[in-house]
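Visitor: make a model of this:
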Amino acid sequence: MTTVPLQPWEVPPDEAYWRGLLTDIERMALPEPGPGLDRDEVPLTRRTPLRDSTRSANNDVSDSDAPRAETAPTWSAAYHSGSAADWERAAHLFQTKERVDLRVIGYNRGGLLVKFGTLQGFVPTSQLCELPKDPNNQTRQNELANRVGATLCLRVIEIDQSRNRLILSERAAVSGSDAAVLLSSLAPGQVRTGRVNSLCGFGAFVDLGGVEGFIHISEFSWGRVNHPSDVLSVGDEIQVYVIDVQPCQSRVALSLKRLQPDPWTLVNERYAVGHIVEGEVTNVVSFGAFVRVEEGLEGLIHISELAEGSFLHPRNVVQEGQRVRARIIRIDSATHRLGLSLRQLD
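Guide: Predicted structure coming up:
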């Protein structure tokens, strides 16, 4: 039986992709450790400062680095590690996927802190139900503050005693068996419909109907994307391409750009040296100007190909946002390079 080679956009992400994604999520949700401490050496309870449960949600909540709690936390090694019995109980809940009711004792910009016996668990905002769709940070902070003191029905979705990590999810507890069925039905290569739950600097979380997937910013477009909010908004209903599913870790990697072929794989079919193309100048640098010929396909007009004669800077010839006509003088699809010229246009 002949094996059909995968297209570049069909190759699933490797473990390095997931490690990088989790690192990004931790950096977004958790404050920096104190002097002399490595991030991986700082327990979750130390890395997520608590908010004062008696403080009004309408007060200023921007000073997120100041640790606050219902009672002053004790940062002792024994408190960090928790009892062996509680870790065993958490591991049992993780394996059996049973639900547990826990009280919220604090929050930070990344989510809620809950008390699990002698342990502190963390519920990321992406794992909470019914958060306001308003992307305004103040609104979300107020909502998190209002949940301090409440009891949530949760499910353990990640546990790592060596790093004092106990991650829980309200969404997983609510979804229950329906989410498990949906997760088992997902497979790489599928196209699914979902709704954007939240945006962050490095991607978007998308609800697929009880299971949440993630679109990394590199998977938004074959072209350049400065921020996810330039493409999506919270509440948008979108189609997504499934690039990887890891049921045991409840990980679903999604893509927008893979709904379309990589334009560089078609460049030799659609263009040839000598063709005249039209595009928008996207960036002007000291050595030339980049021009977007189509979505995901940019060419470079080297400074030597901008105009005859001498000039101080490429900006003396073209400006960002300007539409220009240029002649293709070089195509290298393997290295994603397209050489353009204004000087040879005539």
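
Visitor: shouldn't residue 315 be in contact with residue 286?
Guide: No: judged on C-beta atoms under 8 Å, residue 315 makes no contact with residue 286 at a distance of 9.5 Å. C-beta here means a position set from N, CA and C on the backbone, and glycine is covered the same way.

Visitor: so those two - more neighbours on which side?
Guide: Using other C-beta atoms under 10 Å as the criterion, residue 315 and residue 286 rank with residue 315 on top: 14 against 8.

Visitor: a helix runs through the more buried one, doesn't it?
Guide: Yes: under DSSP: H, G, I helix; E, B strand; the rest coil, residue 315 falls within a helix.

Visitor: for this protein, which element, helix or strand, carries the lowest mean pLDDT?
Guide: In the chain, no helix or strand scores lower on mean pLDDT, DSSP states H and E than helix 44-47, which sits at a mean of 36.

Visitor: which stretches of this structure aren't confidently modelled?
Guide: Low-confidence segments of the chain, defined by pLDDT under 70, span residues 1-81, 132-136, 175-178.

Visitor: please name the nearest non-neighbouring residue to the spatially most central residue of it.
Guide: Geometric centre of the chain, nearest residue: residue 203, 3.0 Å, by C-alpha atoms, centre = their mean. Leaving aside its chain neighbours, residue 203 sits nearest to residue 216 (4.6 Å; criterion: C-beta to C-beta, 6 or more residues apart in numbering).

Visitor: where does residue 340 fall, secondary structure wise?
Guide: Secondary structure assignment for residue 340, by DSSP states H and E: strand 337-341.

Visitor: same deal with residue 205?
Guide: Using DSSP H and E, residue 205 sits in strand 203-207.

Visitor: got the CA positions of the next helix or strand along the chain from that strand in PDB?
Guide: Using DSSP H and E, the helix or strand that follows strand 203-207 in sequence is strand 212-216. Extracted in PDB, the C-alpha atoms of strand 212-216 (Å, rounded to 0.1, in the frame of the first residue of the first chain):
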ATOM      1  CA  GLU A 212     -11.400  23.600  24.500                       C
ATOM      2  CA  GLY A 213      -8.600  23.700  21.900                       C
ATOM      3  CA  PHE A 214      -5.900  26.300  21.400                       C
ATOM      4  CA  ILE A 215      -4.700  28.100  18.300                       C
ATOM      5  CA  HIS A 216      -1.200  29.400  18.600                       C
END
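
Visitor: sheet-wise, list the partners of strand 212-216 with their directions.
Guide: strand 203-207 (antiparallel), strand 251-255 (parallel) (DSSP bridges).

Visitor: can you tell me what sits against that strand?
Guide: Here strand 212-216 makes contact (C-beta atoms under 8 Å, 6 or more residues apart in numbering) with 17, 21, 126-127, 171, 194, 197, 202-206, 228, 240, 242, 251-256.

Visitor: what segments of the stretch 151-300 of the chain are helices?
Guide: 170-185, 267-270 (DSSP state H, counting those that start in this stretch).

Visitor: what's the most buried one of those?
Guide: Comparing the helices of the stretch 151-300 of the chain by mean neighbour count (mean count of other C-beta atoms under 10 Å), helix 170-185 comes out on top with a mean of 17.

Visitor: bridging residues for the residue nearest to the centre of the chain?
Guide: Beta bridges link residue 203 to residue 200, residue 216, judged by DSSP bridges.

Visitor: pretty sure it contacts residue 217?
Guide: Yes: taking C-beta under 8 Å as the definition, residue 203 is a contact partner of residue 217 at 5.1 Å.

Visitor: what residues are shared contacts of the two?
Guide: By C-beta under 8 Å, 6+ apart, residue 203 and residue 217 have these common neighbours: residue 228.

Visitor: wasn't residue 139 part of a strand?
Guide: No: Residue 139 is assigned helix when assessed by three-state DSSP, not a strand.

Visitor: so how far is residue 212 from it?
Guide: Residue 139 is 20 Å from residue 212, where distance means C-beta to C-beta, to the nearest Å.

Visitor: could you do residue 345 as well?
Guide: Using C-beta to C-beta, residue 345 is found at 50 Å from residue 212.

Visitor: out of those two, which sits in the busier spot?
Guide: Each of residue 345 and residue 212 has its neighbours counted (other C-beta under 10 Å); residue 212 has more, 23 against 12.

Visitor: tell me the secondary structure at the residue of the chain positioned farthest from its centre.
Guide: Distance to the chain centre peaks in the chain at residue 309, reaching 46.5 Å (criterion: C-alpha atoms, centre = their mean). Three-state call for residue 309 (three-state DSSP): coil.

Visitor: offset the numbering so it begins at 14, please.
Guide: Taking 14 as the first residue, the last one we looked at is residue 322.

Visitor: any chance of the backbone angles for it?
Guide: The phi/psi pair for residue 322 (degrees, to the nearest 10) reads phi 80, psi -170.

Visitor: picking that back up, the residue nearest to residue 216 and residue 356, how far apart?
Guide: To residue 356, residue 229 is 39 Å away according to C-beta to C-beta.
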